[in-house]
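1. What follows is a protein structure lacking sequence information:
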Ligand SMILES: *[C@@H]1O[C@H](CO)[C@@H](O)[C@H](O)[C@H]1NC(C)=O
Ligand SMILES: *[C@@H]1O[C@H](CO)[C@@H](O)[C@H](O)[C@H]1NC(C)=O
Ligand SMILES: *[C@@H]1O[C@H](CO)[C@@H](O)[C@H](O)[C@H]1NC(C)=O
Ligand SMILES: *[C@@H]1O[C@H](CO)[C@@H](O)[C@H](O)[C@H]1NC(C)=O
């Protein structure tokens, strides 16, 4: 009898403990989801997209004195007109023509750098060193980098969540923007042009990449003198400049352009990033 009561008591205690633990877990889950929902809502409303775009635009203009002719409010208005009220899968590249024409920036000949599957290291490099300029270092690219946006048919709102993903459709709101901006950047390419490709993947020159499908096709041999590919390798067993996909790249280029390829270890680039005093040309 004593023994039985003791067992019941123990069971009750265990029961209470488990229930308390469950309640605590539920509370934590609730708190986290509330926090996620709240911060999401704050971060992702159309208003905050507008704020982000305008503040990035102003930052860029402040840090690059040459571009003070741009009106950030106007850039937002022209940007919005490209997609607001439209089906997010029905925004073709030419919807951004007015935006591109509003932000015409003089190219920096001999410094333009294209990239494919090397975004991180490339931007680490251009951030620290003034050797190259990528699309994301121009006003338009700097403003839009990493952002998501779309409109909706029959609505004048701007959305940053619930938009289709990149591969859902051809005339995708954000994809069309980058395709259009990349085309403009490539059309303007002049002098000695560079491209950083990834030597650790199966095809460094991937036919479906923006670089292969849009940029290379728009290079103008009358403005450009050469294309230098920097093939970034991580280990010594990566791809070399003899890779068949790079032969395809060479075939696509106007024969008037001088083509060259240099294999560069990622560690060499990192070395160069951390020694800003070395000359750009001495990096590799
Ligand atoms: C302009 O300023 C931005 C923001 O500080 C910077 O990231 C970018 O590299 C600058 N661009 C040029 C061309 O100087
Ligand atoms: C994408 O837009 C272009 C230009 O308006 C159009 O010709 C094409 O049919 C569209 N493609 C799809 C799949 O909607
Ligand atoms: C090359 O691509 C691989 C796979 O996507 C990635 O892990 C690696 O960081 C890339 N290398 C560089 C230098 O960006
Ligand atoms: C959207 O339309 C409504 C109703 O016509 C209007 O009150 C509102 O100001 C508009 N919002 C924007 C962002 O244009």
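-> Looks like it came in fine. Given the structure is predicted, the values throughout are model-derived calculations rather than measurements. Ligands and ions are numbered 1, 2, ... in the order given.

2. Which secondary structure state does the residue of the stretch 151-284 of the chain found nearest ligand 1 sit in?
-> Closest contact between the stretch 151-284 of the chain and ligand 1, by Cβ to the nearest ligand atom, is at residue 185 (12.6 Å). Backbone N, C-alpha and C define where each C-beta goes, glycine included. Following DSSP: H, G, I helix; E, B strand; the rest coil, residue 185 is assigned to helix.

3. which residues does it contact?
-> When contacts are counted by Cβ atoms under 8 Å, 6 or more residues apart in numbering, residue 185 touches 107, 112, 114, 135, 138, 141, 215.

4. In helices, which of those appear?
-> residue 141 (DSSP state H).

5. Do you have the helices of the chain handy? List them.
-> 2-44, 46-63, 72-81, 97-102, 119-128, 139-144, 173-187, 210, 216-218, 244-252, 266-273.

6. wait, which of those is closest to residue 90?
-> helix 173-187 (8.8 Å; Cβ to Cβ).

7. any bit of that closest one sitting next to ligand 2?
-> No: shown here: helix 173-187 not in contact with ligand 2 (Cβ under 6 Å from any ligand atom), separated by at least 8.3 Å.

8. Just the buried residues of that helix, please?
-> For helix 173-187, burial by neighbour count (16 or more other Cβ atoms under 10 Å) applies to 173-186.

9. For whatever residue of the stretch 101-250 of the chain ends up closest to ligand 1, which non-adjacent residue is closest in space?
-> Residue nearest to ligand 1 within the stretch 101-250 of the chain: residue 137 (4.2 Å; Cβ to the nearest ligand atom). In space, and not counting its chain neighbours, residue 137 is closest to residue 126: 5.3 Å by Cβ to Cβ, 6 or more residues apart in numbering.
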